[in-house]
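A.B. asks: build me a model from this:
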Amino acid sequence: MDEVTIYHNPQCGTSRNTLGLIRNAGIEPVVIEYLQHPPTRERLKELIAAMGVPVRDAMRRKGTPYDELGLDDPAVTDDQLLDAMLAHPILINRPIVVTAKGVRLCRPSEMVVDLLPRPQRGLFTKEDGEVVKFNPT
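C.D. replies: Purely as a prediction, here's the structure:
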């Protein structure tokens with residue numbers, strides 16, 4: 001199965017670089033712009049469980065209402081964190097990539113490479129000009 005899905009925010013450089021790396025492998029992924037089309041509660045729980053991280057680790061703080069909502073309080077439950085993520089999708093950290101090999105929050109963007117069903121097709125230049133080289137397989 002070559003299907004790849006990315007939960008993407010086009011305003012995020014890391015997300016754009018991750019999408020570029022997927023395409024550099026010759027794959028056109030299913031792109032879900034999660035700010036416009038957030039996952040359901042059940043799907044969000046599935047993604048977080050598949051990543052094997054606590055709910056809090058799947059949240060983004062910078063540029064979000066995380067602090068103003070008091071989400072750093074250890075007494076806030078996972079269900080309350082999920083409620084906040086669904087009410088404010090910007091709290092969902094990105095990009096999340098789903099492939100047959102697993103589910104991962106791809107920060108930094110290079111973390112996507114070993115999830116892909118195909119190798120990179122050469123060098124990749126990130127938006128900041130950094131060239132990423134890959135070992136031939």
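A.B. asks: going forward, measure contacts between C-alpha atoms and count neighbours the same way
C.D. replies: Will do.
A.B. asks: quick one, helices of this structure?
C.D. replies: Using DSSP state H, the helices of the chain run over 13-24, 41-51, 78-87.
A.B. asks: and those as TSV, adding distance to residue 95?
C.D. replies: Formatted as TSV, the helices of the chain follow (distance: least, C-alpha to C-alpha, whole Å):
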stretch	distance to residue 95
helix 13-24	5
helix 41-51	12
helix 78-87	15
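A.B. asks: winner for burial among those helices?
C.D. replies: Neighbour counts (mean count of other C-alpha atoms under 10 Å) averaged over each of those peak at helix 13-24, with a mean of 22.
A.B. asks: now render the helices of the chain as JSON lines, adding mean pLDDT and distance to residue 121.
C.D. replies: What follows is the helices of the chain, written out as JSON lines (pLDDT from 0 to 100; distance: least, C-alpha to C-alpha, whole Å):
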{"stretch": "helix 13-24", "mean pLDDT": "97", "distance to residue 121": "6"}
{"stretch": "helix 41-51", "mean pLDDT": "98", "distance to residue 121": "26"}
{"stretch": "helix 78-87", "mean pLDDT": "98", "distance to residue 121": "36"}
